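Novice: predicted model, plus sequence, below.
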Amino acid sequence: MITGQLKSKIDKLWEEFWTGGITNPLTVVEQITFLMYARMLDMNEQADEKRSARTKKAFNRRFNDEQQHLRWQNIRHLGAQELYKTVKDELFPYFSQTSDEGSLFSEFMKDAQLMIQKQSLLVKAVEMVNDLPLDSADTKGDLYEYLLSKLTTAGINGQFRTPRHIIRAMVEMLDISKDTRLCDPASGTGGFLSVAYEYLLEKYSSPEGTDKEPMFITEGDDAGKQLLDVHGNHIHNVLYSGDLIEPQDREFIDTDMFHGFDFDATMLRVAAMNLVMHGIKQPDIHYQDTLSQRFSENFPKAAKEGFDVILANPPFKGSLDEEDVCPDILRKVKTKKTELLFGALIERMLKIGGQSATIVPDGVLFGSSKAHQQLRTLLVENNQLEAVISLPSGVFKPYAGVSTAILIFTKGGSTDHVWFYDVQADGYSLDDKRTPIKDNDLPSLVAEFKARDKAQATSDDNDKTQQAFWVSKDDIVDNKYDLSINRYKEVVYEEEKYDPPKEILGKLMDLENDIMADLKALEKML
């Protein structure tokens, strides 16, 4: 969490871009990302210079002698006209040049362009980015998350962000470990990967490596009071150091744990910066259409070996030409629909024993087409389909009202029973405002998923009227592999009792007589 003062700085920076004529929220985030990246390059260069002076060891410089004027500490003092010319004509081309030298953003900085047209806006943006606490590892991840949260309140780009609390529940259910190779084949802004990293730090922090700071209201009449949640509990900013992570594990986490793919260069830039801001030094982010034949032919090493865990919320509404789709995927599911193709892709990208938690539209669960049934048959017959978690239809509002579910499966083997859970509340109202409420089934979902006992599936305790229950593979097969929760959940109807019709009519006549009496009394008064 970040303070109200820091939020107001981000809000002000955001408003400056909008009033400066840049109204696409994704472009705003991208341009701020470029400036943050420029500043972080210089910060890392300064840190290496100090280390080199101390150890007397040389290092690979990011800026040669002719490029020193492009360092953040130098450009931020330039006048408006010179600043604009230097950033546009030299700094952004520098991003492209360094991309050929194996730099962190190698695949996404090639097409970097300055979209800011007003010199005054660039001056203000540089000043504000300079004031952001990018040197604080504890703050910068939350800072960038808050910046990304602006996408959910500003236009259609909110669709790229899966609600953070939903991601957190998925990560907790799969219980990511420090040796897990993790992938999101449609990474967007990198939300799944960044939340997984936060969970990892929390899991591997000792009590001594954990800081708990109270959060206070910083503005208005209540300034100075501690923040409370919807339950009236004090809110704390808990900082996890990850001090239980060994150096060899740290290297794996920084270079080979987090893998993301997307075919939108802007999203990749944002995702890469998101992960860097959270503290991952070299996330493996690739510009790839994972459904294409080209991706299959040029599988990255990690993809060839298979992933331990895949977390994803693939595009729901899309259609591709068959000639563009990898034939190996079409052999599993012959369709043009992206939500079905991604399901087959994820199954293919997992290693044997690997797990996936994927958000799918409800149509995937009960669609009657041959392709729909092919995917569900694949999951049930060739893999261990572990859980179908029904989400309320409002979790993606205000951008989509579609009903969704989380499918959790392990690659390999076959299914004998599937655990179903009906989430009815996620801690937020299910209208367009999505305001916090007390009702929240997600903590119960995570706890019950971890404690689920398959022995219950064949016992008398398997009550299908409850929020969680088991369904046998035989029942699923008999229903053409239908996985919708309403197909199996038993609803108990309570008999409604009504007064006899004559009694109801008598009450209506009494009311009518009372009204007429009042009208006559009013008439006399007139």
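Specialist: Structure received. Residues are numbered from 1 along each chain as shown.
Novice: secondary structure element for the residue lying closest to G242 once chain neighbours are set aside?
Specialist: Here the nearest residue to G242 in space, its sequence neighbours aside, is L201; by CB to CB, 6 or more residues apart in numbering that works out to 4.1 Å. (Each C-beta comes from the backbone N, C-alpha and C, glycine too.) L201 belongs to helix 191-203 when elements are defined using DSSP states H and E.
Novice: what mean pLDDT would you report for stretch 21-39?
Specialist: Within the predicted structure, the mean pLDDT of stretch 21-39 is 86.
Novice: for it, which positions count as buried?
Specialist: Burial within stretch 21-39, assessed by neighbour count using 16 or more other CB atoms under 10 Å, is assigned to 22, 24-26, 28-39.
Novice: could you do stretch 272-284 as well?
Specialist: For stretch 272-284, burial by neighbour count (16+ other CB under 10 Å) applies to 272-280, 282-284.
Novice: please apply the same query to stretch 5-18.
Specialist: Residues of stretch 5-18 classed as buried: 6-7, 9-10, 13-14, 16-17 (neighbour count, 16+ other CB under 10 Å).
Novice: and the contacts of that stretch?
Specialist: 28, 31-32, 116, 121, 124-125, 128-129, 131-133, 139, 143, 146-147, 150, 218-219 (CB atoms under 8 Å, 6 or more residues apart in numbering).
Novice: picking up where we left off before, which of the buried residues of stretch 272-284 sit farthest apart?
Specialist: The most widely separated members of the buried residues of stretch 272-284 are M277 and D284, with 16.5 Å between them, by CB to CB.
Novice: mind giving me the PyMOL select for the contacts of stretch 5-18, buried ones only?
Specialist: Buried members of the contacts of stretch 5-18 can be picked out in PyMOL with the line below, counting by 16+ other CB under 10 Å:
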select buried, resi 28+31+32+116+121+124+125+128+129+132+139+143+147+150
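Novice: my guess is the residue nearest to G242 contacts S241. True?
Specialist: Yes: counting by CB atoms under 8 Å, L201 does reach S241; the two are 7.2 Å apart.
Novice: if you count surrounding residues, which of these two has more?
Specialist: With other CB atoms under 10 Å as the criterion, L201 and S241 differ in neighbour count, and L201 comes out ahead with 21 against 16.
Novice: so what's the more buried one up against?
Specialist: Contact analysis of L201 by CB under 8 Å, 6+ apart lists 240-242, 279.
Novice: with pLDDT added, can I get those in JSON lines?
Specialist: What follows is those, written out as JSON lines (pLDDT from 0 to 100):
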{"residue": "Y240", "pLDDT": "81"}
{"residue": "S241", "pLDDT": "80"}
{"residue": "G242", "pLDDT": "86"}
{"residue": "G279", "pLDDT": "79"}
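Novice: and L442, how many neighbours?
Specialist: A count of neighbours around L442, defined by other CB under 10 Å, yields 20.
Novice: check K411 too.
Specialist: K411 is surrounded by 22 other residues when neighbours are defined as other CB under 10 Å.
Novice: also the one 4 residues further on?
Specialist: The tally of other residues near T415 (other CB under 10 Å) stands at 19.
Novice: list phi and psi for it.
Specialist: When quoted as degrees, to the nearest 10, the phi and psi of T415 stand at phi -100, psi 140.
Novice: and for G21?
Specialist: For G21, the backbone dihedrals are phi 100, psi 0 (criterion: degrees, to the nearest 10).
Novice: hang on, it packs against Q117?
Specialist: Yes: here G21 lies in contact with Q117, judged by CB under 8 Å, at a distance of 6.5 Å.
Novice: L134 against L41, yeah?
Specialist: No: contact between L134 and L41 fails when scored by CB under 8 Å: they sit 11.0 Å apart.
Novice: give me the more crowded residue out of those two.
Specialist: Neighbour comparison, L134 and L41: the larger count goes to L41, with 22 against 19 (by other CB under 10 Å).
Novice: quick check: nearest residue in space to the more buried one, chain neighbours excluded?
Specialist: Across the structure, with CB to CB, 6+ apart as the measure, the residue nearest L41 apart from its sequence neighbours is R62 (5.6 Å).
Novice: pretty sure the one you found is in a helix, no?
Specialist: No: when the secondary structure is assigned by DSSP: H, G, I helix; E, B strand; the rest coil, R62 falls in coil instead of a helix.
Novice: could you pull up phi and psi at it?
Specialist: Dihedral angles phi and psi of R62 (degrees, to the nearest 10) take the values phi -80, psi -30.
Novice: check which helix or strand covers D439.
Specialist: Secondary-structure assignment from DSSP H and E places D439 in strand 436-440.
Novice: just the buried positions in the helix or strand following that strand, please.
Specialist: Toward the C-terminal end, the helix or strand that comes next after strand 436-440 (DSSP H and E) is helix 442-451. Across helix 442-451, burial judged by 16+ other CB under 10 Å covers 442, 445-446, 449.
Novice: just curious, which of those is nearest to A53?
Specialist: Minimum distance to A53 across the buried residues of helix 442-451 is 48.6 Å, recorded for V446 (CB to CB).
Novice: gap between the closest residue to that closest one other than its chain neighbours and K450?
Specialist: With CB to CB, 6+ apart as the measure, E172 is the residue that lies nearest to V446, at 4.8 Å, once sequence neighbours are left out. Note on E172: its distance to K450, by CB to CB, to the nearest Å, is 8 Å.
Novice: how about the helices in the stretch 1-150 of the chain?
Specialist: Listed in chain order, the helices of the stretch 1-150 of the chain (DSSP state H, counting those that start in this stretch) span residues 4-19, 25-55, 72-75, 80-86, 92-98, 119-131, 137-149.
Novice: and these: which comes nearest A196?
Specialist: helix 137-149 (12.5 Å).
Novice: following element in sequence after that closest one, please.
Specialist: Sequence order places helix 164-174 as the next helix or strand after helix 137-149, per DSSP H and E.
Novice: what residues sit buried inside that next one?
Specialist: In helix 164-174, residues buried by neighbour count (16+ other CB under 10 Å) are 164, 166-174.
Novice: now do the same end-to-end measure for stretch 395-415.
Specialist: Taking CA to CA, to the nearest Å, the first and last residues of stretch 395-415 lie 29 Å apart.
Novice: centre of the chain versus it, how much separation?
Specialist: Going by CA atoms, centre = their mean, to the nearest Å, the spacing between the C-alpha centre of stretch 395-415 and its chain's C-alpha centre is 14 Å.
Novice: residues in contact with I176?
Specialist: Applying CB under 8 Å, 6+ apart to I176 gives the contacts 182, 196, 199-200, 203, 309.
Novice: ugh, wrong one, D308
Specialist: For D308, the residues meeting the contact criterion (CB under 8 Å, 6+ apart) are 179-182, 350-351, 354-355.
Novice: same list (the buried residues of stretch 5-18) but as TSV, adding distance to Y488.
Specialist: Converted to TSV, those look like this (distance: CB to CB, whole Å):
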residue	distance to Y488
L6	48
K7	45
K9	51
I10	46
L13	50
W14	46
E16	53
F17	49
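Novice: quick one: the strands in this protein, in order.
Specialist: For the chain, strands defined by DSSP state E occupy the ranges 182-184, 210-214, 236-240, 258-262, 284-287, 307-312, 350-361, 383-391, 404-411, 417-422, 426-428, 436-440, 468-472.
Novice: which of those strands sits most buried?
Specialist: Neighbour counts averaged per stretch over the strands of the chain are highest for strand 182-184, at a mean of 28; criterion: mean count of other CB atoms under 10 Å.
Novice: elements contacting it?
Specialist: The contact analysis (3 or more CB pairs under 8 Å, 6 or more residues apart in numbering; DSSP states H and E) places strand 182-184 against helix 191-203, strand 258-262, strand 307-312.
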